[in-house]
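K.L.:
Here is the input, now give the coordinates:
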Amino acid sequence: MSAGPAPDSRLDERLGRLVRRVQADARVPAVSAALHRADRPLWSCTVGETGTDSPLGPDTQFRIGSVTKTFTAALTLQCRDDGLLDLDDPVGRHLDLPAHGELTVRRLLSHTAGLQREPFGDVWDSLRAPDADQLVAELDRAERVLPTGRRFHYSNLGLAVLGQLVARLRGESWAQVLTERILTPLGLTDTTVTPRPTAATGFLVDAYSDEAHPEPPTDFGAVGPAAQLW
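P.N.:
This next block holds a predicted model:
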């Protein structure tokens, strides 16, 4: 008489079904999922295609987009720990800004500074991002859409400014500081600022036709601290 599948096998099958359901329901071209517990082997599952000639696998890179903000926040707090800034410092104490220099590091970190969501211009429509000099120079064209501290208002611009702050205090580019102070010490060798050949193609879905278009692997320039990592 068969004993049936082992408990771990049943769990693996259930988790695999969950991943495939998410891919189907959300109409996601590719999903790579993993689950780790100290008392069990690493579980992983890939579903879909990369949009390139490379097969989808555990080495496939995906753009993590706004999760990049957590890395920039960690770099900012490292500067605090090293005595380079205080969270209640106005950002203009450390950066020469044409506007909004009175906003504090703490408010920028917590998205409560009231800054508009994006830098001046149409970054996500044109996929042409400002460089560091342009980002800073055009800050006086960015709006304060809410009074500071009124409520949470998500801002890529705010984290982009913090990326420039980290670079200024450390005397290197944001990407260099990130690599030296987080990626290399933690052994995150597959997390990079620019995509590798194993990277999956991202897709943009048209809001009106619902048609998916391949997204180029854009370099977000000075907005990179908010959205660049793969």
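K.L.:
Buried ones in the longest helix seen in the chain, by neighbour count?
P.N.:
Looking across the chain with DSSP state H, the single longest helix is helix 7-26. The neighbour-count check on helix 7-26 (16 or more other Cβ atoms under 10 Å) flags Asp12, Val19, Gln23 as buried. The way it works is simple: take the backbone N, C-alpha and C, and place the C-beta from them, glycine included.
K.L.:
Could you tell me the model confidence score at the last one?
P.N.:
Each residue has a pLDDT score; the one for Gln23 is 89.
K.L.:
Could you do the second one as well?
P.N.:
If you check Val19, the pLDDT there is 95.
K.L.:
unless I'm mixing things up, it is touching Ala33, no?
P.N.:
Yes: judged on Cβ atoms under 8 Å, Val19 makes contact with Ala33 at a distance of 4.9 Å.
K.L.:
Any regions of this structure where pLDDT drops low?
P.N.:
For the chain, residues meeting the criterion pLDDT under 70 lie at 1-7.
K.L.:
still on that earlier bit, now do the shared contacts for Val19 and Ala33.
P.N.:
Common contacts of Val19 and Ala33, defined by Cβ atoms under 8 Å, 6 or more residues apart in numbering, comprise Cys45.
K.L.:
Distance from the chain centre to the longest helix of the chain, please.
P.N.:
In terms of Cα atoms, centre = their mean, to the nearest Å, the centre of helix 7-26 is set 26 Å apart from its chain centre.
K.L.:
now do stretch 152-170
P.N.:
Counting by Cα atoms, centre = their mean, stretch 152-170 is centred 13 Å from the centre of its parent chain.
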